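Student: Got a predicted structure plus its sequence, pasted below:
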Amino acid sequence: MKAAPLLALALFAFLAGPSPAAEQPKPNVLFIAIDDLRDWVGYIGKYPASKTPNIDRLAARGVGFMKSYCAAPVCNPSRAALMSGLRPYTTGVYENNNDWRTVIPEELTLPHAFRQGGYYVCGAGKIYHESYPRRTEWDDYLANEGKKGAETDAQNEGTSGIRFAPLDCADNELADWKITDYAIAELGKKHDKPFFLACGLHKPHMPWNVPRKYYDMYPLKDIELPPYTESDLDDVPPAGIQMAKPWGDHAEILKTGKWKNAIQGYLAATAYTDMNIGRLLEAFDKSAYKENTIIVLWCDHGWHLGEKQHWRKFALWEEATHAPLIWVAPGVTQPGGRCERTIDFMTIFPTLCDLAGLPIPAHVQGKSIRTLLADPKAAWDQPAVTTYMFNNHTARTEDWRYIRYANGDEELYHDAEDPYEWTNLATKPEFASKKAEMLKLIPTENKPDIGGAKDGTKKKKNQ
C-alpha cells in the first residue's frame with residue numbers, strides 16, 4: 001500500500017535534481033587591507049627584528065608572496081586601481097588629490113561584482129582612500145570609526161614631517177580597534193548570504209602613535225638602520241633624485257639624529273596592527289565560517305625608512321613598491337606555501353572572482369593567480385608594473401627592475417644580485433639589450449592626470 005507513494009516521491013526527487021541545500025555553498029571572503037605596511041614582516045624576512053607573529057601565522061596557513069607589488073606607491077591610486085581593476089594610467093588617478101569616483105563608475109568595482117554575485121558586502125576602515133567615500137557600493141559600512149582617539153592629543157616626538165610618539169593609553173582607544181571590532185562582530189553573526197567582509201586598518205600609517213608597550217618591544221639600543229650607502233643617489237638620474245628629495249625628510253632626520261627613533265616608531269605601529277590581526281584571526285577561528293572563507297591580506301604599498309635617502313612612499317624603487325600579500329583559499333592553497341613569483345596587486349580582483357566562481361569583468365586589467373595559489377612554483381610570466389604620477393613607471397620581474405620616467409630618465413637594477421638597488425646599470429652598454437627587453441614592459445598609453453582637489457574642485461595638473 002505504501003510502495004506507490006514512496007516510488008512516486010523518489011521519481012519526483014530524481015526528476016527535480018539535487019536540492020539547493022546540496023549545492024556547494026559559495027565561499028565567504030575576509031578582505032584585510034593594511035595601510036603603509038612595507039616588507040618588514042616576519043614571513044618575508046627583510047628586517048629580522050620585526051615582530052609580526054599574527055601576520056606570519058596567517059601566512060603559514062596559506063601562501064605568502066615574497067615578491068608582490070602595488071599598482072601605485074600612493075594610497076588613493078593604489079586602492080582605486082585594486083578595487084576597480086583599472087590601472088592608474090588607464091583612469092588618470094595618480095595622486096591623493098584625484099577623486100577616483102569621477103572616472104570609475106560603481107558598476108566596475110569589486111564590491112559591485114560581489115553584490116551582483118549574491119554576496120552581502122560590508123566593511124570598515126580604510127579600503128578606498130577615505131577622502132572620497134562611496135558608501136552606495138556597500139550593504140553596510142562602519143559609520144564612525146572614532147578617528148579622534150588618544151593619538152590626536154599626542155606630543156610629536158618625531159620631526160616636522162615624520163611623526164611618532166608613544167601613547168599612555170589602552171589598545172582600544174585607537175580607531176583600528178573599533179574597525180577590528182566591526183569585523184569580529186560580523187564574523188559572529190548568522191549570515192543568510194555568503195559575505196564579503198572588508199577590514200581596513202590604518203596603522204602603520206603616520207602618525208606612528210600607539211600605546212607605549214609597542215615601543216617597549218623595540219628598545220632603541222637594539223634598533224638597526226636598514227642597509228644603505230651614502231653614495232646611493234650618485235648614479236640616480238635627476239627624475240629619481242626629485243622623487244627621493246634627500247634635502248627633505250632625510251636631511252631633517254639626520255639633523256635631529258632621530259633615524260633609529262623613527263624606525264622604532266614604525267615598528268611599534270606595525271606591532272599594534274599585528275595585534276589587531278591576531279584579534280581578528282582568533283574571532284575567525286571561533287566563527288562558523290572558518291572552513292569556507294577565503295582570506296586575502298594586502299597592503300596598499302611599501303615605505304622607505306631612509307633607503308635612497310628617501311622617506312615615505314612616492315617613489316618607484318623596491319622599498320616603496322614592495323608590500324606583503326597573503327592568500328588562504330580553502331581547497332586551493334596548502335599550509336606553508338611560499339611564492340617567489342613576481343606579481344602585482346592587480347591580480348587580487350580577478351583572483352577573488354575566480355575563487356568565488358564569479359565571472360571576471362571584461363574591464364579588469366589583471367590575471368587570476370589561482371594557479372600560483374594551488375602551486376606556488378607554477379610558471380608565471382607577468383611582470384609587476386607600478387606607476388607613480390603621469391607616465392612614470394617601473395616594471396619588476398623576478399630578477400630585474402627597470403624604471404622609466406616621463407622625461408626619459410632610466411634606471412635598471414639586477415635585483416637578483418643587487419637586492420638594495422644600489423647600482424644603476426641603465427647607462428652601461430653591456431646591459432643595453434636587457435634594458436630594451438624591459439622597456440617593452442612599460443605602458444605606452446597614459447591618460448592625463450584627472451586633476452582635482454580634496455574639496456572636489458578641479459585644478460590643472462602640470463604634466
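Tutor: Thanks, I have the structure now.
Student: residues contacting L174?
Tutor: 149-151, 203, 210, 272 (Cβ atoms under 8 Å, 6 or more residues apart in numbering). To be clear about C-beta, it is placed using only N, CA and C from the backbone, and glycine gets the same treatment.
Student: Quick one, which of those has the minimum pLDDT?
Tutor: For the contacts of L174, the weakest pLDDT value sits at G149, with 63.
Student: okay but N392 is in contact with D409, surely?
Tutor: No: taking contacts as Cβ atoms under 8 Å, N392 lies outside contact range of D409: 9.2 Å.
Student: who touches both of the two?
Tutor: A239.
Student: So between those two, which is more surrounded?
Tutor: N392 (23 against 17; other Cβ atoms under 10 Å).
Student: got the phi/psi numbers for the more buried one?
Tutor: phi -110, psi 120 (degrees, to the nearest 10).
Student: returning to what we had before: may I ask which two of the contacts of L174 are separated the most?
Tutor: Maximum pairwise distance in these, criterion Cβ to Cβ, is 13.0 Å, between A150 and K203.
Student: between those two, who's got more neighbours?
Tutor: Comparing A150 with K203 by other Cβ under 10 Å, the one with more neighbours is K203, at 28 against 17.
Student: The more buried one: what's it in contact with?
Tutor: Contacts of K203 by Cβ under 8 Å, 6+ apart are 34-36, 174, 176, 210, 269-270, 272-273.
Student: Where does T386 fall, secondary structure wise?
Tutor: Assigned by DSSP states H and E, T386 falls within strand 384-387.
Student: what sits up against that strand?
Tutor: 67-73, 77, 87-89, 94, 316, 321, 342-344, 393-397, 441-443.
Student: From those residues, keep the buried residues only.
Tutor: Buried subset of those (neighbour count, 16 or more other Cβ atoms under 10 Å): 67-73, 77, 87-89, 94, 316, 321, 342-344, 393-397, 441-442.
Student: what about the helices in the stretch 51-200 of the chain?
Tutor: For the stretch 51-200 of the chain, helices defined by DSSP state H, counting those that start in this stretch occupy the ranges 53-61, 75-84, 88-91, 110-116, 175-188.
Student: For G248, find the nearest of the ones you listed.
Tutor: Minimum separation from G248 across the helices of the stretch 51-200 of the chain (Cβ to Cβ) falls at helix 75-84, 18.9 Å.
Student: Show me what the closest one packs onto, helices and strands only.
Tutor: Packing partners of helix 75-84 (3 or more Cβ pairs under 8 Å, 6 or more residues apart in numbering; DSSP states H and E): helix 88-91, helix 110-116, helix 348-356.
Student: Next, the contact list for D39, please.
Tutor: 46-47, 302, 319, 322-324.
Student: Centroid-nearest residue for this protein?
Tutor: The residue lying closest to the centre of the chain (Cα atoms, centre = their mean) is C299, at 2.1 Å.
Student: OK, contacts around it?
Tutor: 33-38, 70, 323-325.
Student: where are the low-confidence patches of this protein?
Tutor: 1-23, 147-149, 454-463 (pLDDT under 70).
Student: Next, give phi and psi for the nearest residue to R341 once chain neighbours are set aside.
Tutor: Closest residue to R341 apart from its sequence neighbours, by Cβ to Cβ, 6 or more residues apart in numbering: W380 at 4.2 Å. Backbone torsions of W380, given as degrees, to the nearest 10, read phi -160, psi 120.
Student: picking up where we left off before, and the contacts of D39, which of them are buried?
Tutor: Those of those that meet the buried threshold are 46-47, 302, 319, 322-324, by 16+ other Cβ under 10 Å.
Student: would you turn the residues you listed into a markdown table with secondary structure and distance to R61?
Tutor: Output for the buried ones among the contacts of D39, formatted as a markdown table (DSSP: H, G, I helix; E, B strand; the rest coil; distance: Cβ to Cβ, whole Å):
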| residue | secondary structure | distance to R61 |
| --- | --- | --- |
| K46 | coil | 21 |
| Y47 | coil | 22 |
| G302 | coil | 23 |
| E319 | helix | 27 |
| H322 | strand | 22 |
| A323 | coil | 19 |
| P324 | coil | 14 |
